[in-house]
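Enquirer: would you be able to build a 3D model of this:
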Amino acid sequence: QVQLVESGGGLVQAGGSLRLSCAASGRTIYDLGWFRQAPGKEREFVAAISWGGGRTYYADSAKGRFTISRDNARNTVYLQMNNLKNEDTAVYYCARSVRSTWYGGRADEYDSWGQGTQVTVSS
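Expert: You can find the predicted model right below:
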């Protein structure tokens, strides 16, 4: 059973940065993704990374501002978020891809969701 625990969220001013972490129990030989969900909205894809870290994919809203990376020796995936905007305010989740091929951008292609970490961007 894979368990994922997110951390690193908080309150930040617009234009600021945060680095989210997703710590995984057990081996991390699987693709991982970050999603976010704002109040009253559906969960949306943010970024994904292949198990070896060699492939990444970003939602248009994240391109150029967010960077996903992983350290398999530490069983941890990171989401570096720069130049944050008000519309980035959401609960951020990491999850494991259940696809057999790269990549997935739908929430139903992932499982083992963490509890989420709140990111709030203020003006």
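Enquirer: now L18: closest residue in space, sequence neighbours ignored.
Expert: Excluding the flanking residues, the one nearest L18 by C-beta to C-beta, 6 or more residues apart in numbering is M81, at 5.0 Å. For glycine as for every other residue, the C-beta is placed from the backbone atoms N, C-alpha and C.
Enquirer: wait, the one you found touches G15, no?
Expert: No - M81 lies out of contact with G15 (C-beta atoms under 8 Å); the separation is 11.4 Å.
Enquirer: element containing C22, please.
Expert: Using DSSP states H and E, C22 sits in strand 18-24.
Enquirer: now that strand: mean pLDDT?
Expert: For strand 18-24, mean pLDDT is 97.
Enquirer: what helix or strand is the residue most central in space within the chain on?
Expert: Centroid-nearest residue in the chain: W34, 2.3 Å away (criterion: C-alpha atoms, centre = their mean). Following DSSP H and E, one finds W34 within strand 32-37.
Enquirer: give the buried residues for that strand.
Expert: Buried positions in strand 32-37, judged by neighbour count with 16 or more other C-beta atoms under 10 Å: 32-36.
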